[in-house]
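Chemist: The following block contains a protein sequence and its predicted model.
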Amino acid sequence: MEQTLTLEQAQEAFRAMAALRDEIAFGWLREGCECRAQLMIEHLQEMSLVPGRVWAVSVGRRLTFPHPTPTGRSYKWENHVAPTLSVEGAEHGILVIDPGLSQAGPLTLGDWALAMRVKSFHLSSAGLVEAEILSLHSARALRGEDLDAVLLTLKLGEAPLTNRGGSGFRIGPDPPQGVSAFAHREMRRFLGLQDAPRRERP
Amino acid sequence: MQPLMRNVYDLRVITAIEPGEGSVLLTFQGGERATVPTDHPDLKLILAEAERSSEWGSPVGLILDPAGRVLDLSHTHESCVRRIEDDSEGPNRLAVGFWSFCAVCYLTRDHPDFERIRKTLTEAVATDKPVVFANETWPLEGETEIWNKIMDVRPVEVPGRLPQANGAAVTHDSTPRAATAAERGG
C-alpha cells in the first residue's frame, strides 16, 4: 500500500515514537537497533501508517555515533536500522524515524547518515548481496573515492543482504520464535539495563 | 581435577536457581554449580538473565572466580561473523563485527582464552558458520569510545568437551546450539 505523508504528519509520528521512552530503550545504544525499529514499526502501523526500514551497512569505515551526553565518546556500529515513512517533498521521498539518534525530529537519509559520520554512501532501494557491496567499494576505490556505507531503503519483508536471508528485521535469518516476540522480549532486557545503575566488576 | 586458579569464561545453560545462605545457587546443565553473592551489585540483572536461561534453555555468558562465584553473567547472541581484524585505535584488542549484532565488539588480548576465541572467530569468518557469543554486561568507557568487551564465543555446533586454556576440560551436556536465546525466546 502506497502512502505519502506531509512533513507535519511525519513530525507528529516522530513525536509519538519519541514519547515511548518507557517502552523503547532509546538510551541503550550498545545493541538492539533492530528491536527498537521493530517496536516503532508496530506502533506506526497501529497509527495506520505504512513504515519501511532503512539499513546502514558499514563498508569503508564503521558507523560512529556520539554518545548523547557530552562525554566525547562514541559508539561504533557495523550496521544500523530504523523505520522510515514516505514523505512528500523529502529528500529521496522518505524520512527516518530514529529518536535514538536525533531528538529533533525525523531525519533525511543524508542527515541520518551524517549522524553516524557517514559522508559517502551508496543508496539502494532494494536488498543487495555482499558481492555487490564489495564491487561497489572496489569501483569507488578505483576512482579514488570513499564508500563509508551502503544505505538500503526497503519495504517491510525485504532483506538488506539478500544472500543472508531474513525478512529485514536483522541481517540474517529471523528469530525462530518470531520477530515481534523476540523484539519485545529483548526490549524488556534493554530497558532493565538502561535503567540499572552502572558499576565496576568486583 | 585440580581446581582452577584463574577465572573461568564460559557459556552455560542454567537449570536451577535456589536461595542459599548469603548467596543464590545456580546449577548448570551437567550438574556444576556456582553462587551469586546476594550483595553482588548486579544481582537483579543476573537473576533475570538466569531465569531466562532456566526457562528457555538458552546459554548465558559467565565469568566465575576460582571459588565458583559469579563475577558476571550476561545474555548470549547467535550470529555469523563478518570480520575480525586488528583495531586501528587500540593495539590491545581485535575488532569483531557480527552480522546480526549491530555494535562492533572487541576481543582484548589480555583475555585468558584469547587464542581459543580468536581461532573460533577466524574459523567462523572462513566457514560462515554461526557462533554463540556473550559480551560483558557493561560496556567499557574508553577515552573516545563506549565499547563491548567480548566475554566468550563458541561455535554453534561443537559437541561435547570444550578445552580450557589450562588444559582442563569442562563437560557440556548440551551445546549452546541446543537452545540459544534467539531460538527459544518469547
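Modeler: All right, it came through fine. Residues are numbered from 1 along each chain as shown, chains lettered A, B, ... in the order given.

Chemist: what's the average pLDDT for the host helix or strand of residue A:114?
Modeler: Following DSSP states H and E, one finds residue A:114 within helix A:109-115. The predicted model assigns helix A:109-115 a mean pLDDT of 97.

Chemist: Which neighbouring elements make contact with that helix?
Modeler: Helices and strands touching helix A:109-115, by 3 or more Cβ pairs under 8 Å, 6 or more residues apart in numbering or on different chains; DSSP states H and E, are strand A:52-58, strand A:94-96, strand A:149-154. Placement of C-beta: from N, CA and C, glycine included.

Chemist: Quick one: closest of these to residue A:142.
Modeler: Evaluated with Cβ to Cβ, the helices and strands packed on helix A:109-115 place strand A:149-154 nearest to residue A:142, the distance being 17.1 Å.

Chemist: most packed of the helices and strands packed on helix A:109-115?
Modeler: strand A:94-96 (a mean of 26; mean count of other Cβ atoms under 10 Å in any protein chain shown).

Chemist: max-length strand in chain B?
Modeler: strand B:8-19 (DSSP state E).

Chemist: Helix or strand next in line after it, which one?
Modeler: Immediately after strand B:8-19, counting by DSSP H and E, sits strand B:23-28.

Chemist: Tell me where the chain has strands.
Modeler: No chain in the question, so chain A it is. All strands of chain A, identified by DSSP E, fall at A:52-58, A:63-66, A:74-77, A:79-86, A:94-96, A:121-124, A:149-154.

Chemist: Can you look at chain B instead?
Modeler: Using DSSP E, strands in chain B cover B:8-19, B:23-28, B:33-37, B:59-64, B:70-74, B:77-79, B:81-86, B:93-98, B:101-108, B:131-135, B:140-141, B:146-155, B:161-163, B:169-171.

Chemist: wait, which of these is closest to residue A:3?
Modeler: When the strands of chain B are compared (using Cβ to Cβ), the closest one is strand B:101-108, at 27.6 Å.

Chemist: wait, does that closest one make contact with chain A?
Modeler: Yes. Residues of strand B:101-108 contacting chain A under Cβ under 8 Å from any Cβ of the partner chain: B:101, B:102, B:103, B:104.

Chemist: so who does the third one touch?
Modeler: Looking back up the chat, that one is residue B:103. A:30, A:31, A:75, A:76, A:77, A:78, B:148 (Cβ atoms under 8 Å, 6 or more residues apart in numbering or on different chains).
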